[in-house]
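K.L.:
predicted model and sequence below, questions to follow.
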Amino acid sequence: MTAASRRDPLTRVTGAAILDSSAAPTRLLVAQRAYPEKLRGLWEFPGGKQDPGEGAEEALVRECDEELGVNVRLVEEVPAPNPEGWPLKGTAVMRVFTAVVTDDREPAAGEDHIQLRWLELNDRASILELEWIPADLPIVEALLNQVHEASPQTSRSGH
């Protein structure tokens, strides 16, 4: 194996679309970035970079524990336009998974985020009106479509 083949040219990032329920979700947890300055105040999915040798799912569970102080169970991936994930800036890609909190702790904003907010999934307009990190917006739209198609409760709302 050459040095080039051992080295992944992509920066791999994972994001959690944390829902209040896997069976009949009604709310989505979103996070407001604290840094870097150019992204401060923008909204995103909690998560972070994969460590070398770490799988996307493993990285996301670790990141939710580190950033939010909660354990999560991943439910399903939000299908991306290519197998590596959703394109971000430069050579970065992100895989996003729906997830639910599995312990009694409430997610808390750590040093990475200014605040966390639970949003009502049936209020699609309010979710899309948030000032999202631009690369995350297509993922938000795909997530909303995925959740609304899968959930009879949210699809009945007419949104």
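P.N.:
It's in. Computed from a prediction, not measured in an experiment: that's the story for all the values here.
K.L.:
following element in sequence after the helix or strand bottoming out on mean pLDDT in the chain, please.
P.N.:
Within the chain, no helix or strand scores below helix 3-6, which has a mean of 45 by mean pLDDT, DSSP states H and E. Sequence-wise, the next helix or strand downstream of helix 3-6 (DSSP states H and E) is strand 11-19.
K.L.:
could you list the buried residues of that following strand?
P.N.:
Within strand 11-19, the residues that count as buried by 16 or more other CB atoms under 10 Å are 12, 13, 14, 15, 16, 17, 18, 19. For every residue, glycine as well, the C-beta is placed using N, CA and C.
K.L.:
which SS state does residue 100 fall under?
P.N.:
Residue 100 falls in the strand class when you classify it by DSSP: H, G, I helix; E, B strand; the rest coil.
K.L.:
give me the pLDDT for the nearest residue to it once chain neighbours are set aside.
P.N.:
Nearest in space to residue 100, with sequence neighbours left out and distances taken as CB to CB, 6 or more residues apart in numbering, is residue 22 at 5.0 Å. With respect to pLDDT, residue 22 scores 96.
K.L.:
how about the helices in the chain?
P.N.:
Using DSSP state H, the helices of the chain run over 3-6, 56-68, 124-129, 137-150, 152-155.
K.L.:
mind exporting the second one as CSV, just the C-alpha atoms?
P.N.:
Once non-C-alpha atoms are left out, helix 56-68 reads as follows in CSV (Å, rounded to 0.1, in the frame of the first residue of the first chain):
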residue,chain,number,x,y,z
ALA,A,56,-18.9,7.5,10.5
GLU,A,57,-21.3,5.9,13.0
GLU,A,58,-18.7,5.5,15.7
ALA,A,59,-17.5,9.1,15.2
LEU,A,60,-21.0,10.4,15.5
VAL,A,61,-21.8,8.6,18.7
ARG,A,62,-18.5,9.9,20.1
GLU,A,63,-19.2,13.5,18.9
CYS,A,64,-22.7,13.6,20.5
ASP,A,65,-21.3,12.5,23.8
GLU,A,66,-18.5,15.1,23.6
GLU,A,67,-20.5,18.0,22.2
LEU,A,68,-23.9,17.4,23.8
